[in-house]
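A.B. asks: Below is the structure, and that's it, no one-letter string:
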């Protein structure tokens, strides 16, 4: 499989699979609001799909959707008063609840959030201005009006995408696959802003396409890794501020290194696996490797019990979480695993490991799931690779033991409203196992 074929298939695998359902929900919400504020039931008028879906940079598993609903200008005086911002959001909520009483709807500070099974829509009632910007309600500190300019952002993305041979939107999608794979809490507009800034800074990919996406990936992650730490960026077009939740430079540096290894492995049968380490499961597997794995499965003496979170929930990482591991022997704490790895102290068998969530940025309520995967010859010989995804028992921690040698992995997932919004992992190299990122 050529580089062009691999990346073309990769982009195809990122296509949103439930666009019809999303569009249906947008239409239903629009009709409910039009009925309330205009006494019509149009599913398309007076609405604007914004966010990643509107910019056409979202990928399969997208869960955080946004829409604007344009309130008639004649109603401005009804809401431009003390408490008017909250009143507007409450009436928008009532309109949706009246039409869809079984749907979960709540008023947040800036929007009305409507939660469905696999995604939620943040509905923002707005007043359109003469310059095509929009005033939206902010209920904090007694209420005020703020300005948003999503049309300028969508136009900027579309214009540069056209100038860059359709590479901008594809790069935005590839970057989303990367952040989902590695649990990087980055918002969609931040990703689009960084991808925009990168391609706007170079002419190297103005006429290139899939054949050069290995170099595109390499150069993009190098660009990210070298950016100075800052708290916000200016969004394309609107120049509005886009906040940085967590530093991403170290993760980008690791991704750049993985890209170099994948490029070096070109024409080798494991090259797809190298790229999977960067972008995760959506990147296509090698046909040869897949065939060999299938043939091997018939002869193997161990059970492949590994499960994948993507098969259970949509994955749309936009928050962060941290794990650490306390290492004990005979009931006494010896080290934290992170300290041992940084000091290159080997982790020997017959230790007790207590994995604990030390930080999570997700607002409650949410659910926690764990995955413990054993790798290596010892695990296969004992037919104990595990890898099942198990719900947390409420303690936000998990205790394991170092039973046998090998490179083991513990992953933790935070699921909110049926979507994985944060994840973290720890590699556990027992007795000289390698601490490789995958």
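C.D. replies: Noted; the coordinates are in hand. Nothing here was measured: the structure is a model prediction, and the numbers come from that model. Numbers count the residues shown, from 1 in each chain.
A.B. asks: CA atoms for contacts and neighbours, from now on please.
C.D. replies: OK.
A.B. asks: so where's this protein uncertain?
C.D. replies: Applying pLDDT under 70 to the chain flags the ranges 288-301, 331-332, 376, 378-379, 403-405, 431-438.
A.B. asks: Specify the local secondary structure of the closest residue to residue 13 other than its chain neighbours.
C.D. replies: Excluding the flanking residues, the one nearest residue 13 by CA to CA, 6 or more residues apart in numbering is residue 282, at 5.7 Å. Three-state call for residue 282 (DSSP: H, G, I helix; E, B strand; the rest coil): coil.
A.B. asks: check contacts around residue 282.
C.D. replies: 10, 13, 14, 177, 276 (CA atoms under 8 Å, 6 or more residues apart in numbering).
A.B. asks: tell me which element the last one is part of?
C.D. replies: Following DSSP states H and E, one finds residue 276 within helix 271-279.
A.B. asks: Any chance you could list what contacts that helix?
C.D. replies: Residues contacting helix 271-279 (CA under 8 Å, 6+ apart): 6, 174, 177-178, 181, 255, 258-259, 261-263, 265, 282-286, 437-438.
A.B. asks: just stretch 96-108 next, same as before
C.D. replies: 29, 32, 33, 89, 90, 93, 112, 113, 114, 115, 116.
A.B. asks: does the fourth one count as helix, strand or coil?
C.D. replies: Using three-state DSSP, the structure places residue 89 in helix.
A.B. asks: residues contacting it?
C.D. replies: By CA under 8 Å, 6+ apart, the contact set of residue 89 is 107, 110, 111, 112, 125, 137.
A.B. asks: Name whatever forms a beta bridge with the fourth one.
C.D. replies: Under DSSP bridges, the beta-bridge partners of residue 112 are residue 107, residue 123.
A.B. asks: From residue 105, how far off is it?
C.D. replies: 7 Å (CA to CA, to the nearest Å).
A.B. asks: Phi and psi next, for the residue nearest to residue 13.
C.D. replies: The phi and psi values for residue 282, taken as degrees, to the nearest 10, are phi -60, psi -20.
A.B. asks: Quick check: the gap between it and residue 311.
C.D. replies: Residue 282 is 12 Å from residue 311, by CA to CA.
A.B. asks: Likewise for residue 29?
C.D. replies: 29 Å.
A.B. asks: if you count what's nearby, which of those two comes out ahead?
C.D. replies: With neighbours defined as other CA atoms under 10 Å, residue 29 and residue 311 compare such that residue 29 has more, 26 against 8.
A.B. asks: what's the helix or strand for that one?
C.D. replies: Under the assignment here (DSSP H and E), residue 29 is part of helix 19-38.
A.B. asks: by contact count, what packs against that helix?
C.D. replies: Packing partners of helix 19-38 (3 or more CA pairs under 8 Å, 6 or more residues apart in numbering; DSSP states H and E): strand 64-70, helix 84-99.
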